[in-house]
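In: Below: sequence and its predicted model.
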Amino acid sequence: MKKLMIIVLIIFILPFSLVAEENLEEKSNTEEELNTEVVASNNYASYWSLAGLVEANMKTPKGYALGTGLYTAFALPDFVKTGRFLLGLKALYSYSPAKYNVFNTNLLFRWTYDFTKKYADSGIFLQADPGFLLGWNGESIKNKPLSYFLAELSFGYRYTYKNFFIEPYIYCGYPSKWGIGIAIGGGGGILARK
(Lines give C-alpha, C1' and ligand atoms only; values in the text may rest on other atoms or scores of the structure.)
Protein backbone atom coordinates (compact mmCIF):
# COMPACT_ATOMS: atom_id res chain seq x y z
CA MET A 1 0.00 0.00 0.00
CA LYS A 2 2.90 2.35 0.80
CA LYS A 3 4.38 1.73 -2.65
CA LEU A 4 1.06 2.60 -4.29
CA MET A 5 0.85 5.86 -2.33
CA ILE A 6 4.41 6.77 -3.34
CA ILE A 7 3.64 6.10 -7.01
CA VAL A 8 0.47 8.23 -6.79
CA LEU A 9 2.41 11.11 -5.23
CA ILE A 10 5.11 10.92 -7.91
CA ILE A 11 2.51 10.85 -10.70
CA PHE A 12 0.86 14.02 -9.41
CA ILE A 13 3.87 15.98 -8.11
CA LEU A 14 6.20 15.55 -11.11
CA PRO A 15 4.04 17.40 -13.68
CA PHE A 16 3.41 20.30 -11.28
CA SER A 17 7.15 20.71 -10.65
CA LEU A 18 7.72 20.72 -14.41
CA VAL A 19 5.05 23.41 -14.80
CA ALA A 20 6.73 25.56 -12.14
CA GLU A 21 10.06 25.21 -13.95
CA GLU A 22 8.49 26.17 -17.28
CA ASN A 23 6.77 29.19 -15.69
CA LEU A 24 10.17 30.48 -14.53
CA GLU A 25 11.50 30.15 -18.08
CA GLU A 26 8.43 31.86 -19.52
CA LYS A 27 8.91 34.93 -17.31
CA SER A 28 12.17 35.60 -19.13
CA ASN A 29 10.28 35.94 -22.42
CA THR A 30 8.96 39.39 -23.15
CA GLU A 31 5.26 40.07 -23.64
CA GLU A 32 5.97 41.03 -27.24
CA GLU A 33 7.48 37.62 -28.09
CA LEU A 34 4.43 35.83 -26.68
CA ASN A 35 2.04 38.04 -28.65
CA THR A 36 4.01 37.32 -31.85
CA GLU A 37 3.64 33.56 -31.31
CA VAL A 38 -0.10 33.84 -30.77
CA VAL A 39 -0.72 36.04 -33.82
CA ALA A 40 1.36 33.71 -36.01
CA SER A 41 -0.75 30.72 -35.04
CA ASN A 42 -4.02 31.98 -36.59
CA ASN A 43 -5.78 30.05 -33.77
CA TYR A 44 -6.31 26.77 -35.62
CA ALA A 45 -9.21 24.78 -34.16
CA SER A 46 -8.20 21.52 -35.85
CA TYR A 47 -5.86 20.41 -33.09
CA TRP A 48 -5.74 16.65 -32.46
CA SER A 49 -3.97 14.47 -29.92
CA LEU A 50 -3.10 10.79 -29.62
CA ALA A 51 -1.89 9.19 -26.37
CA GLY A 52 -1.01 5.89 -24.78
CA LEU A 53 -2.08 5.38 -21.19
CA VAL A 54 -1.54 3.07 -18.23
CA GLU A 55 -3.77 2.93 -15.19
CA ALA A 56 -4.95 1.02 -12.14
CA ASN A 57 -8.72 0.70 -11.81
CA MET A 58 -11.67 -1.24 -10.34
CA LYS A 59 -13.34 -2.32 -13.58
CA THR A 60 -13.32 -6.04 -12.81
CA PRO A 61 -15.83 -7.77 -10.51
CA LYS A 62 -13.15 -8.99 -8.07
CA GLY A 63 -10.46 -6.56 -6.95
CA TYR A 64 -8.35 -4.06 -8.81
CA ALA A 65 -7.04 -4.31 -12.37
CA LEU A 66 -4.13 -2.87 -14.31
CA GLY A 67 -4.89 -1.46 -17.72
CA THR A 68 -3.30 -0.05 -20.83
CA GLY A 69 -4.87 1.69 -23.78
CA LEU A 70 -5.04 4.51 -26.30
CA TYR A 71 -7.11 7.60 -26.79
CA THR A 72 -7.48 10.24 -29.44
CA ALA A 73 -9.15 13.63 -29.13
CA PHE A 74 -9.96 16.58 -31.36
CA ALA A 75 -10.35 20.19 -30.24
CA LEU A 76 -13.73 21.72 -30.95
CA PRO A 77 -13.94 25.28 -32.31
CA ASP A 78 -13.77 27.94 -29.59
CA PHE A 79 -17.28 28.82 -28.48
CA VAL A 80 -16.60 29.65 -24.82
CA LYS A 81 -14.47 32.41 -23.34
CA THR A 82 -12.83 30.20 -20.73
CA GLY A 83 -11.14 26.94 -21.59
CA ARG A 84 -11.51 24.66 -24.56
CA PHE A 85 -13.59 21.56 -25.30
CA LEU A 86 -12.24 18.34 -26.78
CA LEU A 87 -14.14 15.33 -28.13
CA GLY A 88 -12.58 11.90 -28.54
CA LEU A 89 -12.49 8.13 -28.18
CA LYS A 90 -10.71 5.95 -25.63
CA ALA A 91 -10.02 2.19 -25.69
CA LEU A 92 -8.67 0.36 -22.63
CA TYR A 93 -7.77 -3.26 -21.85
CA SER A 94 -7.55 -4.22 -18.16
CA TYR A 95 -6.43 -7.44 -16.47
CA SER A 96 -6.90 -8.36 -12.82
CA PRO A 97 -4.97 -10.85 -10.66
CA ALA A 98 -8.32 -12.66 -10.25
CA LYS A 99 -8.00 -13.64 -13.95
CA TYR A 100 -10.60 -11.23 -15.30
CA ASN A 101 -10.00 -9.53 -18.65
CA VAL A 102 -12.02 -6.47 -19.61
CA PHE A 103 -12.05 -4.27 -22.67
CA ASN A 104 -13.89 -0.97 -22.69
CA THR A 105 -14.46 1.82 -25.16
CA ASN A 106 -15.50 5.31 -24.11
CA LEU A 107 -16.46 8.57 -25.70
CA LEU A 108 -14.69 11.43 -24.00
CA PHE A 109 -15.96 14.96 -23.54
CA ARG A 110 -13.28 17.18 -22.02
CA TRP A 111 -13.14 20.78 -20.84
CA THR A 112 -9.60 22.12 -20.33
CA TYR A 113 -8.54 25.34 -18.63
CA ASP A 114 -5.03 26.72 -19.15
CA PHE A 115 -3.67 29.12 -16.54
CA THR A 116 -0.67 30.16 -18.64
CA LYS A 117 -2.65 30.86 -21.85
CA LYS A 118 0.30 29.59 -23.89
CA TYR A 119 -1.18 26.26 -25.03
CA ALA A 120 -4.85 25.85 -25.82
CA ASP A 121 -5.19 22.33 -24.44
CA SER A 122 -2.79 22.46 -21.48
CA GLY A 123 -3.90 22.80 -17.87
CA ILE A 124 -6.46 21.22 -15.59
CA PHE A 125 -9.29 19.26 -17.14
CA LEU A 126 -12.64 17.72 -16.31
CA GLN A 127 -13.76 14.86 -18.51
CA ALA A 128 -16.95 12.83 -18.83
CA ASP A 129 -16.49 9.29 -20.17
CA PRO A 130 -19.65 7.37 -21.09
CA GLY A 131 -18.86 3.95 -22.54
CA PHE A 132 -19.34 0.21 -22.75
CA LEU A 133 -17.37 -2.64 -21.17
CA LEU A 134 -17.03 -6.27 -22.26
CA GLY A 135 -15.23 -8.75 -20.02
CA TRP A 136 -14.59 -12.44 -19.42
CA ASN A 137 -13.08 -14.70 -16.79
CA GLY A 138 -9.88 -16.25 -18.08
CA GLU A 139 -10.10 -19.30 -15.80
CA SER A 140 -13.21 -20.84 -17.32
CA ILE A 141 -14.95 -20.59 -20.66
CA LYS A 142 -18.20 -21.72 -18.98
CA ASN A 143 -18.56 -18.40 -17.16
CA LYS A 144 -20.86 -15.86 -18.75
CA PRO A 145 -19.16 -12.82 -20.27
CA LEU A 146 -19.56 -9.48 -18.53
CA SER A 147 -21.07 -6.50 -20.28
CA TYR A 148 -22.24 -3.22 -18.89
CA PHE A 149 -22.37 0.49 -19.54
CA LEU A 150 -19.85 2.82 -17.91
CA ALA A 151 -20.20 6.38 -16.65
CA GLU A 152 -16.99 8.01 -15.42
CA LEU A 153 -15.88 11.50 -14.43
CA SER A 154 -12.15 12.28 -14.67
CA PHE A 155 -10.02 15.07 -13.23
CA GLY A 156 -6.42 15.67 -14.23
CA TYR A 157 -3.73 18.00 -15.44
CA ARG A 158 -2.20 18.11 -18.92
CA TYR A 159 1.32 19.47 -19.12
CA THR A 160 2.10 20.40 -22.73
CA TYR A 161 5.48 21.20 -24.18
CA LYS A 162 5.38 21.99 -27.89
CA ASN A 163 3.52 18.99 -29.42
CA PHE A 164 4.25 16.57 -26.56
CA PHE A 165 2.14 16.13 -23.43
CA ILE A 166 1.91 14.14 -20.21
CA GLU A 167 -1.23 13.99 -18.10
CA PRO A 168 -1.84 12.31 -14.75
CA TYR A 169 -5.52 11.75 -13.96
CA ILE A 170 -7.94 10.18 -11.49
CA TYR A 171 -11.55 9.20 -12.02
CA CYS A 172 -14.58 7.79 -10.30
CA GLY A 173 -17.71 6.36 -11.77
CA TYR A 174 -20.21 3.60 -12.13
CA PRO A 175 -19.78 0.65 -11.93
CA SER A 176 -16.00 1.09 -11.68
CA LYS A 177 -15.43 2.83 -8.36
CA TRP A 178 -12.10 4.48 -9.11
CA GLY A 179 -9.14 4.68 -11.45
CA ILE A 180 -5.80 6.44 -11.50
CA GLY A 181 -3.39 6.68 -14.41
CA ILE A 182 -1.10 8.62 -16.65
CA ALA A 183 -1.27 9.31 -20.38
CA ILE A 184 1.65 10.32 -22.59
CA GLY A 185 1.32 11.41 -26.18
CA GLY A 186 1.54 14.08 -28.80
CA GLY A 187 -0.59 16.13 -31.10
CA GLY A 188 -0.73 18.12 -34.28
CA GLY A 189 -1.98 21.53 -35.23
CA ILE A 190 -1.28 24.89 -33.68
CA LEU A 191 -1.78 25.18 -29.95
CA ALA A 192 -1.74 28.90 -29.20
CA ARG A 193 -4.96 30.86 -28.67
CA LYS A 194 -5.91 34.41 -29.55
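Out: In hand now; what should we look at?

In: What are the buried residues along stretch 153-168?
Out: Within stretch 153-168, the residues that count as buried by 16 or more other CB atoms under 10 Å are Ser154, Gly156, Tyr157, Arg158, Tyr159, Thr160, Phe165, Ile166, Glu167, Pro168. Bear in mind the C-beta positions are built from the backbone N, C-alpha and C, glycine included.

In: now Asn106, nearest residue through space, not along the chain?
Out: Leaving aside its sequence neighbours, Asn106 sits nearest to Gly131 (CB to CB, 6 or more residues apart in numbering; 3.2 Å).

In: neighbours around the one you found, how many?
Out: By the measure other CB atoms under 10 Å, the count of residues near Gly131 is 19.

In: now swap in Lys144 and tell me
Out: Neighbour count for Lys144, taken as other CB under 10 Å: 7.

In: Shouldn't it be within a strand?
Out: No - read with DSSP: H, G, I helix; E, B strand; the rest coil, Lys144 is coil and lies in no strand.

In: thinking again about what came up before, which two of the buried residues of stretch 153-168 have the greatest separation?
Out: Farthest pair in the buried residues of stretch 153-168 (CB to CB) is Ser154 and Thr160. Separation: 17.2 Å.

In: The residue nearest to Asn106 sits in which helix or strand?
Out: Per DSSP states H and E, Gly131 falls inside strand 123-137.

In: What strands line up against that strand, and which way round?
Out: Using DSSP bridges, the strands paired with strand 123-137 are strand 100-113 (antiparallel), strand 146-161 (antiparallel).

In: would you turn those into CSV with mean pLDDT?
Out: As requested, the strands paired with strand 123-137 are exported to CSV (pLDDT from 0 to 100):
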stretch, mean pLDDT
strand 100-113, 91
strand 146-161, 91
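
In: Same list, those strands, but as CSV with distance to Gly138 please.
Out: Formatted as CSV, those follow (distance: least, CB to CB, whole Å):
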stretch, distance to Gly138
strand 100-113, 6
strand 146-161, 12
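
In: Could you single out the most deeply buried of the ones you listed?
Out: Highest mean neighbour count of these: strand 100-113, a mean of 19 (counted as mean count of other CB atoms under 10 Å).

In: Name all residues that make contact with Ser147.
Out: Shown in contact with Ser147 (CB atoms under 8 Å, 6 or more residues apart in numbering): Phe132, Leu133, Leu134, Gly135.

In: Please report the distance of the last one from Glu167.
Out: In this structure, Gly135 and Glu167 are separated by 26 Å, where distance is defined by CB to CB, to the nearest Å.
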